[in-house]
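Trainee: I'd like to go over a predicted model; first the sequence, then the structure.
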Amino acid sequence: MSEQEPQGPSARATRRIRLTLRKPRVGLFPKPTVVIDGRGQPAQWGTGTWVVSADEPAVVGVFLFARGLRFGEAEATVSPGDEGVLTYSAPMLPLGPGRFEAGER
């Protein structure tokens, strides 16, 4: 019997993207939720890395949720040829959208 190459999700080539999550300096803000290709993951403020497909674009989103209110939503697409470094900035008030910038500030 010959060995077969692994198939399924574990066989995909992956890479890491770096995401910096910034909150305003004033006020209390809930922890952000990062959504990668439709799958939400709780996160911390600061810089972290996430695994995405190496050969397909990845949709990266962030939102905040407090007291039944969802706000600060923003979304960006990271293509395979992109550097893979994003910075998310939360809104100053607990309403309205957040924003993404490519690279770090």
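Mentor: Perfect, I can see it now.

Trainee: quick one: residue 57 and residue 36, what's the gap?
Mentor: To residue 36, residue 57 is 12 Å away according to CB to CB, to the nearest Å. For the C-beta atoms, the positions are set from N, CA and C on the backbone; glycine is no exception.

Trainee: for residue 89, that is, sorry about that
Mentor: With the distance defined as CB to CB, residue 89 ends up 19 Å from residue 36.

Trainee: which helices and strands sit right next to the helix or strand harbouring residue 52?
Mentor: Under the criterion DSSP states H and E, the helix or strand holding residue 52 is strand 46-53. The elements that strand 46-53 packs onto, with contact taken as 3 or more CB pairs under 8 Å, 6 or more residues apart in numbering; DSSP states H and E, are strand 14-22, strand 33-36, strand 58-66.

Trainee: tell me the mean pLDDT for the first one?
Mentor: Going back to what we said before, that points to strand 14-22. Per-residue pLDDT over strand 14-22 has a mean of 95.

Trainee: same check, this time on the second one
Mentor: Taken as a whole, strand 33-36 has a mean pLDDT of 96.

Trainee: other SSEs contacting that strand?
Mentor: Here strand 33-36 is seen to pack against strand 39-42, strand 46-53, strand 58-66 when contacts are counted using 3+ CB pairs under 8 Å, 6+ apart.

Trainee: next, the buried residues of the last one.
Mentor: Counting neighbours by 16 or more other CB atoms under 10 Å, one finds that the buried residues in strand 58-66 are 58, 60, 61, 62, 63, 64.

Trainee: so which elements touch it?
Mentor: Applying 3+ CB pairs under 8 Å, 6+ apart, one finds that strand 58-66 makes contact with strand 14-22, strand 33-36, strand 46-53, strand 69-78.

Trainee: can you give me the neighbour number for the closest residue to residue 74 other than its chain neighbours?
Mentor: In space, not counting the residues next to it along the chain, residue 74 is nearest to residue 98; the distance is 4.0 Å by CB to CB, 6 or more residues apart in numbering. Counted by other CB atoms under 10 Å, the residues lying close to residue 98 total 21.
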